[in-house]
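# Build me a model from this:
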Amino acid sequence: MMMDRRGVLLGAAACGVAQLFPATAWAVLPERRLMFRNAHNGERADVCYYSGGRLRVSGIAELNYFLRDWRTGDVTRMDTGLFDTLVQLHAATGADKRAGFTLISGYRSPRTNGRLHEHSDGVASKSQHMRGKAVDISLKSVRLSNLQKAALSLRAGGVGYYPEDGFVHVDTGPVRRW
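Just a heads-up that it's a prediction; the model follows:
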């Protein structure tokens, strides 16, 4: 029996997206790649951070720089588990392979986070963004509510839903939702 993409996604939701990525299949992926566009400065990135069975130092460095605090230019070492979560999230949505994430926020320096926290109840004082473990994103051609559902199904960390602001927060901290 043939299934279209909708059938595959509905089946994945029913049995859990984790079944799409059994540990052995995930371990042998030949390449892990992320594509982004920064909503604030228009920068784009198409980065392979894993190939040949190992993390690529140059790819990790490129992603760390791209996900920098765009307000201050500060760069940190991002959690590579977050990169893997984003690859899995992209696959779980069924989005076109060429569709990249729109980045709203990646790393936030303590100074930036403090300023944002002063002006918004939606910014945590001990945000995972300051630890290099969080991104705020959207994904072209994927409804925000579907992106949120896919992120929740991964059970890889925290998921925040901000439909008024047009993004989903994904982090590799404790599993929780808001």
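# okay, CA-based contacts and neighbour counts for the rest of this
Noted.
# Quick check: chain neighbours aside, which residue is closest to residue 116?
Once flanking residues are discounted, residue 116 sits nearest to residue 123: 6.4 Å by Cα to Cα, 6 or more residues apart in numbering.
# wait, is that neighbour part of a helix?
No: going by DSSP: H, G, I helix; E, B strand; the rest coil, the assignment for residue 123 is coil, not a helix.
# That one and residue 49: what is the separation?
With the distance defined as Cα to Cα, to the nearest Å, residue 123 ends up 29 Å from residue 49.
# now residue 104
Spatial separation of residue 104 from residue 49 under the definition Cα to Cα is 21 Å.
# What are the boundaries of the strands in this protein?
For the chain, the strands defined by DSSP state E cover 31-38, 44-51, 54-55, 101-105, 134-139, 158-162, 167-171, 176-177.
# Can you give me the buried ones in the first one?
Neighbour counts over strand 31-38 (16 or more other Cα atoms under 10 Å) mark 32-38 as buried.
# Sort out which residues of the helix ranked longest in the chain are buried, please.
If each helix of the chain is counted by residues according to DSSP state H, the longest one is helix 80-93. Buried residues in helix 80-93, counted by 16+ other Cα under 10 Å: 80, 82-86, 88-93.
# average pLDDT for that helix?
Along helix 80-93, the predicted confidence averages to a pLDDT of 98.
# Quick check: which helices or strands does it pack against?
helix 5-15, strand 31-38, helix 144-154 (3 or more Cα pairs under 8 Å, 6 or more residues apart in numbering; DSSP states H and E).
# among these, which gets the worst mean confidence?
The bottom spot among those, by mean pLDDT, belongs to helix 5-15, with a mean of 38.
# give me the number of residues near residue 76?
17 (other Cα atoms under 10 Å).
# The one 3 residues further on now?
Counted with other Cα under 10 Å, the burial measure for residue 79 works out to 16 neighbours.
# Do I have it right that it meets residue 133?
Yes: the pair residue 79 and residue 133 passes the contact test of Cα atoms under 8 Å, sitting 5.4 Å apart.
# Identify the contacts common to these two.
Taking Cα atoms under 8 Å, 6 or more residues apart in numbering as the contact definition, residue 79 and residue 133 share the neighbouring residues residue 172.
# Show the contacting residues for the most centrally placed residue in the chain.
Centrality entry for the chain: nearest residue to the mean C-alpha point is residue 86, 3.8 Å, by Cα atoms, centre = their mean. By Cα under 8 Å, 6+ apart, the residues touching residue 86 are residue 34.
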